[in-house]
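S.K.: Just to be clear, the model below is a prediction. Sequence and coordinates:
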Amino acid sequence: MMTKILNGIFNITKYLLFIAAFGITIFIVIQMNSRLEKGFMTSINVFIPFFVLLGLFVVNLIFHQKGVSQNIFYNITCNLVFLTILYVGYRAFADKNMVLNQKYGYGIDFNYFNSFLAYLKIMLYGLCIGNVFFMFQPKEKKETKKLKKETEVLE
């Protein structure tokens, strides 16, 4: 019972943290591109895993994929990944003790966040791969369901 409650909490917070992680990432990337005088399309590859993961989340919601939504370990992992992205993004612009943050006067340590972008992509693509694996689980046969019901009655 407790795992169902925790799973429900983690399942809801994963969507909220996804939105927040995407928001802080787009904010920092736009600021970084304006500082470097680059167009937004030069850094679109940073957002491709976000869009792929958003598409997978939409598919999971539409088709009620229980293999994904009821998997507590996947939901905890999603929360940890998005919290990591939020932590690094927050630290990039709010940590006043970073040397480059004060030296250049932009208010954001772009070098710190830029060195994290590769890990961001790895984590998000890992979530995408895990989501796809959990989507395609074998269906239980009717005989297996009957056996489970009979054993529950006997217990």
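M.R.: Sure thing, it's come through.

S.K.: buried stuff in the longest helix along the chain?
M.R.: For the chain, the longest helix by residue count, based on DSSP state H, is helix 2-36. If you call a residue buried by 16 or more other C-beta atoms under 10 Å, then helix 2-36 has these buried ones: 7, 10-11, 13-14, 17-18, 20-22, 24-26, 28-29, 31-33. In short, each C-beta sits where N, CA and C put it, glycine included.

S.K.: what do you get for stretch 47-57?
M.R.: If you call a residue buried by 16+ other C-beta under 10 Å, then stretch 47-57 has these buried ones: 47, 49-50, 52-53, 56-57.

S.K.: Give me the contacts around it.
M.R.: The set of residues external to stretch 47-57 that reach it, using C-beta atoms under 8 Å, 6 or more residues apart in numbering, is 15, 18, 22, 25-26, 29, 120-121, 124-125, 127-128, 131-132, 135.

S.K.: Run a quick neighbour tally on the closest residue in space to residue 30 that isn't next to it in sequence.
M.R.: With C-beta to C-beta, 6 or more residues apart in numbering as the criterion, residue 30 has its nearest non-adjacent residue at 6.9 Å, and that residue is residue 40. Burial measure for residue 40: 12 neighbouring residues, criterion other C-beta atoms under 10 Å.

S.K.: Ok, residue 61 next?
M.R.: Counted by other C-beta under 10 Å, the residues lying close to residue 61 total 12.

S.K.: Can you show me the helices along this protein?
M.R.: According to DSSP H, the chain carries its helices in the segments 2-36, 48-62, 66-69, 72-94, 99-104, 110-135, 142-154.
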